[in-house]
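K.L.:
quick one: sequence plus predicted model below, questions after.
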Amino acid sequence: MEAIKTYIETHSGRFIDELFELLRVPSISSRPEHAGEMYRCAETWKKLLLEAGADRAEVLPTGGHPVVFAEKIIDPSLPTVLVYGHMDVMPVDPLDEWTTDPFQPVIKEGKIRARGADDDKGQAFMHLKAFEYLVSRDLLPCNVKFLVEGEEEIGSPNLPAFCREHAGMLAADVILVSDTSMIAADTPSITTGLRGLAYWQVEVTGPAIDLHSGLFGGAVANPINELCRLIASLQDEKGRVTVPGFYDDVQEVSPEERERAAGAPFDEETYKKNIGVRALKGEEGYSTIERVGIRPTLDVCGIQGGYTGEGAKTVLPSKARAKLSCRLVPRQQHEKIARLVQEHLQAIAPGHVTVTVEYLHGGPSYACPIDLPAYRAAEQACLDVYGKLPVPTRSGGSIPVIAAFEEILGIKTILLGFGLATDAIHSPNENFPLQQLFNGITTITRFYHHFAGNHNNK
């Protein structure tokens, strides 16, 4: 423990410089104009992995953005850990709400501020530095492989095919991921479940062109008004989704498990303060933690139409669009939910406008047993660093490829994340505390120690 802390203190300046090199690359996977930046980011990862001690590192093509694969095999008879992370980031809009340039990282108040600082460049970087330390001190107790992809933020559409094609290359005993969060900086937790995802674009079209709202208003349906009515009808006053069949496959959690989960430390006032809301709202009959962990949702992620610039423009728009997403729980199939929502919106669409629903992407949910040897290793690693056992939690977020890993590669994933609720991932002013970065590096080194020990003691 002291040795790794000394190593971090000695090399922290270099660590920050290398992480900043990654953060400066605007690797926004959803924007075609950033395709070249994806390759630049991949080459940077390749360089850093080789410098950290990987025997080989390659930038490999997929049907979309590239992936980076690296490995260090110290003994084929030893267990293998596959580290997964992603180099792509979310768009930065709205840019005017950032207090610093999203792709010019800075450190303010002990936090790294930049797009990707937490999700996921900062968290994936922890694995790189833990690996570097173990290799440099000849302490690596098992084989390690890295898979860093470039499409996680758009649903990893090409990674399953890549995994099928390269299943032998990716063979491992467990997958280790840091792309999730902790309950609090002093309260470690391990994510044991992820919700699935389904995502659509809905477009409502009225007149062929934008019209004068005075000359035509009241005589022609306004696509924005109609879109708002459609969206509003998708949930009732109790916070339940109204799409027929939506809850048919939802896995209900037993009263016993709900009671255990309720024992996790949670302060509602602090939670509200951290995210800047006056009150919490969600499905009736469930706690806040349950609403974001064990229950499915439907949300509007964006809406567009008409004139939104400065000043006034009296226009009745031709089109209105919305982005919708659902977070899904175990047993809900995203393909089925995609079909149900599409069919429902078409069924309730009024005849005086045209409604089109495009399914953009989705992914299944994931659950991890807490009796796996690798889970126990992560648990012990957290105890070593934080002095307390981590709380097993179900996350409201989605990492679609995690379930695909289990299906294609037959490998379970340990979700050992170090993000905090205040890190503003996917939002303006994303940040990651330096202490979380350094604690994460330390914890990951301890994971390898316990993982190899558990494997040897089977």
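P.N.:
Sure, I can see it.

K.L.:
which helix or strand contains the residue lying closest to Pro350 once chain neighbours are set aside?
P.N.:
Computed as Cβ to Cβ, 6 or more residues apart in numbering, the closest residue to Pro350 that is not its neighbour in sequence is Glu226, at 6.2 Å. Bear in mind the C-beta positions are built from the backbone N, C-alpha and C, glycine included. Assigned by DSSP states H and E, Glu226 falls within helix 223-232.

K.L.:
what lines up beside the helix or strand harbouring Val83 in the sheet?
P.N.:
In the assignment (DSSP H and E), Val83 maps to strand 80-86. In the sheet, strand 80-86 lines up against strand 143-149 (parallel), strand 174-177 (parallel) (DSSP bridges).

K.L.:
in JSON lines: those strands, plus mean pLDDT, mean neighbour count and distance to Val67.
P.N.:
Listed next are those as JSON lines, based on pLDDT from 0 to 100; neighbours: other Cβ atoms under 10 Å; distance: least, Cβ to Cβ, whole Å:
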{"stretch": "strand 143-149", "mean pLDDT": "98", "mean neighbour count": "25", "distance to Val67": "5"}
{"stretch": "strand 174-177", "mean pLDDT": "98", "mean neighbour count": "24", "distance to Val67": "14"}
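
K.L.:
would you point out the helix or strand in this protein whose mean pLDDT is lowest?
P.N.:
helix 255-261 (a mean of 73; mean pLDDT, DSSP states H and E).

K.L.:
the strands paired with strand 80-86: which one's closest to Asn274?
P.N.:
Each of the strands paired with strand 80-86 was scored for nearness to Asn274 using Cβ to Cβ, and the closest is strand 174-177 (23.8 Å).

K.L.:
neighbouring contacts of that closest one?
P.N.:
79, 81-85, 127, 372, 374, 399, 402, 405, 409, 411-417, 444, 447, 451 (Cβ atoms under 8 Å, 6 or more residues apart in numbering).

K.L.:
mind checking how far that strand is from the chain centre?
P.N.:
15 Å (Cα atoms, centre = their mean, to the nearest Å).

K.L.:
elements contacting the helix or strand following that strand?
P.N.:
Moving toward the C-terminus from strand 174-177, the next helix or strand (DSSP H and E) is strand 189-194. Packing contacts for strand 189-194, counted by 3 or more Cβ pairs under 8 Å, 6 or more residues apart in numbering; DSSP states H and E, involve strand 366-367, helix 373-386, strand 391-395, strand 413-415.

K.L.:
make it 10 Å
P.N.:
strand 366-367, helix 373-386, strand 391-395, helix 400-409, strand 413-415 (3 or more Cβ pairs under 10 Å, 6 or more residues apart in numbering; DSSP states H and E).

K.L.:
quick one: which of the ones you listed is nearest Ala70?
P.N.:
helix 400-409 (17.0 Å).

K.L.:
what is the mean pLDDT for the closest one?
P.N.:
Mean per-residue pLDDT for helix 400-409: 90.

K.L.:
just to revisit the earlier point, packed most tightly, which of the helices and strands packed on strand 189-194 would that be?
P.N.:
strand 413-415 (a mean of 24; mean count of other Cβ atoms under 10 Å).

K.L.:
which elements pack onto that one?
P.N.:
Using 3+ Cβ pairs under 10 Å, 6+ apart: strand 413-415 touches strand 80-86, strand 174-177, strand 189-194, helix 373-386, helix 400-409.

K.L.:
again, only this time at 7 Å
P.N.:
Secondary-structure packing of strand 413-415 (3 or more Cβ pairs under 7 Å, 6 or more residues apart in numbering; DSSP states H and E): strand 174-177, helix 373-386.

K.L.:
quick check: angle from the helix or strand hosting Glu132 to strand 80-86?
P.N.:
Using DSSP H and E, Glu132 falls within helix 121-136. For helix 121-136 against strand 80-86, the angle by axes from the mean of the first three to the mean of the last three Cα atoms, to 10 degrees is 150 degrees.

K.L.:
ok, and for helix 121-136, which residues are buried?
P.N.:
Residues 121-135 are the ones in helix 121-136 that count as buried (16 or more other Cβ atoms under 10 Å).

K.L.:
run through the helices of this protein in chain order.
P.N.:
Remark: helices assigned in the chain by DSSP state H are 2-23, 35-52, 121-136, 159-165, 213-216, 223-232, 255-261, 268-275, 288-291, 334-348, 373-386, 400-409, 434-456.

K.L.:
closest one to Gln304 among those helices?
P.N.:
Once these are compared by Cβ to Cβ, helix 223-232 is nearest, at 9.2 Å.

K.L.:
quick one: that closest one to helix 334-348, angle?
P.N.:
Using the same axes, to 10 degrees: helix 223-232 against helix 334-348 is 130 degrees.

K.L.:
distance between helix 223-232 and the chain's centre?
P.N.:
Distance, centroid of helix 223-232 to centroid of chain: 29 Å (Cα atoms, centre = their mean).

K.L.:
extract the C-alpha set from it and format it as PDB.
P.N.:
Only the C-alpha atoms of helix 223-232 are listed here, as PDB (Å, rounded to 0.1, in the frame of the first residue of the first chain):
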ATOM      1  CA  PRO A 223     -46.100  19.800 -34.700                       C
ATOM      2  CA  ILE A 224     -44.500  21.000 -31.400                       C
ATOM      3  CA  ASN A 225     -47.900  21.000 -29.600                       C
ATOM      4  CA  GLU A 226     -48.700  17.500 -31.000                       C
ATOM      5  CA  LEU A 227     -45.300  16.100 -30.000                       C
ATOM      6  CA  CYS A 228     -45.700  17.500 -26.500                       C
ATOM      7  CA  ARG A 229     -49.100  15.800 -26.200                       C
ATOM      8  CA  LEU A 230     -47.700  12.500 -27.400                       C
ATOM      9  CA  ILE A 231     -44.800  12.700 -24.900                       C
ATOM     10  CA  ALA A 232     -47.000  13.700 -22.000                       C
END
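
K.L.:
any low-confidence regions in the stretch 201-350 of the chain?
P.N.:
257, 260-261 (pLDDT under 70).

K.L.:
related to what we said a few turns ago, got TSV for the helices of the chain, with distance to Gly309 too?
P.N.:
Shown next, in TSV, are those (distance: least, Cβ to Cβ, whole Å):
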stretch	distance to Gly309
helix 2-23	31
helix 35-52	29
helix 121-136	34
helix 159-165	39
helix 213-216	15
helix 223-232	15
helix 255-261	46
helix 268-275	29
helix 288-291	36
helix 334-348	29
helix 373-386	49
helix 400-409	36
helix 434-456	39
